[in-house]
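**Q** Okay, predicted coordinates and the sequence, questions at the end:
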Amino acid sequence: SHSLLRYLLRVPENWNRSTGPDPVVFLHGLGLGIWQYQKMITHFLKEMPDIPILIPIQPQISQDFFHPRYLKPMLRDEKVDCLKGLLQALGWVNDSEKERKGVTVLSHSK
């Protein structure tokens, strides 16, 4: 279930999936979590005001020692299923060959 995935989300008020630009999914790298990307995220929010942005919170990568799943992180398949479910629930992707929808994935790792 995608409800297991914590995330930050910005969807512009007037954005339309049919006519708007593809959403961006940002997967942060190893380190202190999204806070080390504060300047970059602020830049994205300012320079791309018409594009939705999703940032999954990844405690095992963020060194979030106090997160209940820090020592038992999601397995790869579980994480993929959660992210796919969330993207489908948001209406950003689907399995239809007739109407292909997608996202732009931006990631960083040290």
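**A** That came through fine.
**Q** From now on I want contacts and neighbour counts done on CA atoms only, so please keep to that.
**A** OK.
**Q** all strands for this protein, in order.
**A** 7-10, 24-27, 53-56, 104-107 (DSSP state E).
**Q** Reformat the ones you listed as CSV; add mean neighbour count and mean pLDDT.
**A** Shown next, in CSV, are the strands of the chain (neighbours: other Cα atoms under 10 Å; pLDDT from 0 to 100):
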stretch, mean neighbour count, mean pLDDT
strand 7-10, 13, 92
strand 24-27, 19, 92
strand 53-56, 19, 93
strand 104-107, 12, 90
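**Q** name the helices or strands packed onto the longest helix seen in the chain?
**A** For the chain, the helix reaching the highest residue count under DSSP state H is reported as helix 76-89. Packing contacts for helix 76-89, counted by 3 or more Cα pairs under 8 Å, 6 or more residues apart in numbering; DSSP states H and E, involve no helix or strand.
**Q** could the strands of the chain go into CSV alongside distance to S96?
**A** Below are the strands of the chain laid out as CSV (distance: least, Cα to Cα, whole Å):
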stretch, distance to S96
strand 7-10, 24
strand 24-27, 20
strand 53-56, 22
strand 104-107, 18
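**Q** and the residue nearest to P49 when sequence neighbours are not counted, what does it touch?
**A** Leaving out its chain neighbours, the residue that sits closest to P49 by Cα to Cα, 6 or more residues apart in numbering is P12, at 6.9 Å. By Cα atoms under 8 Å, 6 or more residues apart in numbering, the residues touching P12 are 49-52.
**Q** out of those, which is most surrounded?
**A** Of all these, the highest neighbour tally under other Cα atoms under 10 Å goes to P52, namely 23 neighbours.
**Q** residues contacting it?
**A** With Cα under 8 Å, 6+ apart, P52 has these contacts: 9-12, 15, 22-24.
**Q** now, the most widely separated pair of the contacts of P12?
**A** P49 and P52 (8.0 Å; Cα to Cα).
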